[in-house]
Every structure is written in structure tokens, then in C-alpha cells.
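**Q** Sequence below, structure please.
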Amino acid sequence: MLGVVSRADALNIARDAGVDLVEVAPDSSPPVCKVLDYGKYRYQEQKRLAAARKKQKIIEVKEIKMRPVTDENDFQVKLRAIHRFIDEGNKVKVLIRFRGREVSHQQLGRKLMDRIKEDFGEDCKIEQEPRFEGYHMIMMVAPK
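**A** Take a look at the predicted model:
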């Protein structure tokens with residue numbers, strides 16, 4: 001902290017130290033400057049941003065497709081997959097596809113969705129309740 005210094009004196013101080021004079025806040029009165037090695041500063045800033053990107057958790061939306069006539073064993077396999085995706089921290093889109101005349105039996109799809117909701121209970125939250133879109137019933141499940 002050198003206080004208010006003329007521009008020429010600030011440039012001389014930076015030149016004597018072998019570093020750069022960097023303007024930090026040009027809009028303030030008087031403008032605020034720092035004496036630092038700008039190349040080193042940019043390198044450290046780049047490293048800090050890279051480390052922050054590396055620590056980010058990217059949440060993916062996984063999709064599980066079923067049919068209203070899915071058998072019990074196949075249902076259990078799909079359920080284990082949903083559990084695995086939730087444990088990894090991903091969201092899961094559960095999709096039940098109706099074909100042909102199955103559309104008239106929406107209650108079968110609703111039963112499957114209710115079984116999935118019961119099985120998860122407190123482990124996850126239902127982001128989107130089951131709803132019907134065309135020939136598909138869709139529900140979104142996310143980790144707590």
C-alpha cells in the first residue's frame with residue numbers, strides 16, 4: 001500500500017521491481033493500480049479456473065425406458081439401474097412407452113410409477129410427477 005502516487009512514480013516503482021503496473025479499478029477516482037508480475041498472475045488465474053472446472057460435478061440426465069407390461073425380473077433390473085444412477089448423483093428420467101392399444105390402459109403405467117416411488121421413498125425426490133405425453137408416461141427422479 002503506497003497510497004496516492006503519480007503515474008510516473010508508479011511506473012518507476014514497477015520498473016525498479018522488474019514487474020508490471022496493472023490498473024485494477026480504472027473507474028474510481030483516482031484509478032487503483034497494483035504492482036505485480038502480470039504473466040505470473042495470468043498463469044495462476046488460469047490454474048485456479050482449471051481447478052474450479054475440475055471440481056465441478058456435472059449432473060447428467062439418465063433415461064430408463066420401460067413398457068407397461070414389463071415383467072417382474074426386468075423391472076428389478078431397471079430399478080437397480082435407477083438406484084445406481086441416483087447414487088452417482090445423476091437425475092433419472094423414467095419413461096414408460098405405450099404401444100398400440102396399451103394406451104387405453106394407462107393405469108398399468110401409473111402402477112409401475114407408483115411402485116418406483118414407493119421403492120425410493122426417502123432416498124430421492126420426485127422432481128416431476130408422472131404425466132402423460134402422447135404415447136409416453138414420464139417421471140423425473142433426482143437425488144436428495
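**Q** State the next helix or strand along the chain beyond the one helix or strand residue 117 maps to.
**A** Following DSSP states H and E, one finds residue 117 within helix 106-120. As assigned by DSSP H and E, the chain's next helix or strand after helix 106-120 is strand 124-133.
**Q** What's the mean pLDDT across the following helix or strand past that next one?
**A** Note on strand 124-133: by DSSP H and E, the next helix or strand toward the C-terminus is strand 136-143. For strand 136-143, the mean per-residue pLDDT is 92.
**Q** How about residues contacting strand 136-143?
**A** 61, 82, 86-87, 89-98, 106, 109-110, 113, 116-117, 120, 123-131 (Cβ atoms under 8 Å, 6 or more residues apart in numbering). (Each C-beta comes from the backbone N, C-alpha and C, glycine too.)
**Q** What subset of those is buried?
**A** Buried members of the contacts of strand 136-143, counted by 16 or more other Cβ atoms under 10 Å: 82, 86, 90-94, 96, 98, 109, 113, 116-117, 120, 124, 130.
**Q** Okay, angle between the helix holding residue 117 and strand 136-143 too, please.
**A** 10 degrees (axes from the mean of the first three to the mean of the last three Cα atoms, to 10 degrees).
**Q** Send me helix 106-120 as CSV with only the CA atoms.
**A** C-alpha atoms of helix 106-120 as CSV (Å, rounded to 0.1, in the frame of the first residue of the first chain):
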residue,chain,number,x,y,z
GLN,A,106,-52.8,-46.0,-18.5
GLN,A,107,-53.4,-47.4,-15.1
LEU,A,108,-50.8,-50.1,-15.7
GLY,A,109,-48.1,-47.4,-16.3
ARG,A,110,-49.4,-45.5,-13.3
LYS,A,111,-48.9,-48.6,-11.1
LEU,A,112,-45.3,-49.0,-12.3
MET,A,113,-44.6,-45.4,-11.5
ASP,A,114,-46.2,-45.8,-8.0
ARG,A,115,-44.0,-48.9,-7.4
ILE,A,116,-40.9,-46.9,-8.3
LYS,A,117,-41.9,-44.0,-6.0
GLU,A,118,-42.6,-46.5,-3.1
ASP,A,119,-39.3,-48.2,-3.6
PHE,A,120,-37.2,-45.0,-3.4
